[in-house]
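> Quick check, what structure comes out for this input:
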Amino acid sequence: MVLVDTSVWSLALRRRPADLRPTERAVVDEWAALVRRGRVSMIGPIRQEILSGIRQTEVFRALQTTLADVPCLPISLGDYDRAAEFFNACRSNGITGGHVDMLICAASHRHRVALLTTDPDFAHYARHVPFKLHHVSR
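Numbers count the residues shown, from 1 in each chain. Purely as a prediction, here's the structure:
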């Protein structure tokens with residue numbers, strides 16, 4: 001299983017393939033392969049980010065239906081504590097991460113799933129907190 005970040009869902013679901021740069025295309029291809037193998041997952045805050053900002057109700061409902069089959073990993077109270085620990089560890093190393101980003105790292109760590117993302121901030125976090133990034137094979 002791979003935890004897929006909002007940045008990847010956005011590329012895959014909101015961008016036209018013709019508008020993707022080669023590196024983005026590789027990420028979307030990797031996402032598609034993971035989807036075909038039933039290996040994608042998300043957490044509630046990622047689902048919320050994906051669904052936010054959609055103005056047309058029909059489009060919102062269609063995307064909601066599409067995402068219904070994607071496993072949503074549970075978040076525990078301990079994940080919030082771990083996210084705070086991760087925030088503090090990063091901050092003590094000069095890196096300020098967002099609270100949702102730290103929660104994503106904590107969920108990835110606890111569920112022992114790698115994170116697929118295009119957000120470069122996660123590479124910085126990974127140097128200081130124990131979670132894995134899913135690397136796209138080229």
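
> Moving C-terminal from the helix or strand containing Ala32, which element do we reach first?
Secondary-structure assignment from DSSP states H and E places Ala32 in helix 22-36. Moving toward the C-terminus from helix 22-36, the next helix or strand (DSSP H and E) is strand 40-41.

> That following strand: how far from the chain's middle?
Using Cα atoms, centre = their mean, to the nearest Å, the distance from the centre of strand 40-41 to the centre of the chain it belongs to is 9 Å.

> Identify the residues contacting that strand?
Residues from elsewhere that reach strand 40-41, judged by Cβ atoms under 8 Å, 6 or more residues apart in numbering: Met1, Val2, Leu3, Val4, Trp31, Leu34, Val70, Pro71, Cys72, Leu73, His111, Val113. Placement of C-beta: from N, CA and C, glycine included.

> So which of those wins on neighbours?
Neighbour counts for the contacts of strand 40-41, by other Cβ atoms under 10 Å, peak at Val4, which reaches 27 neighbours.
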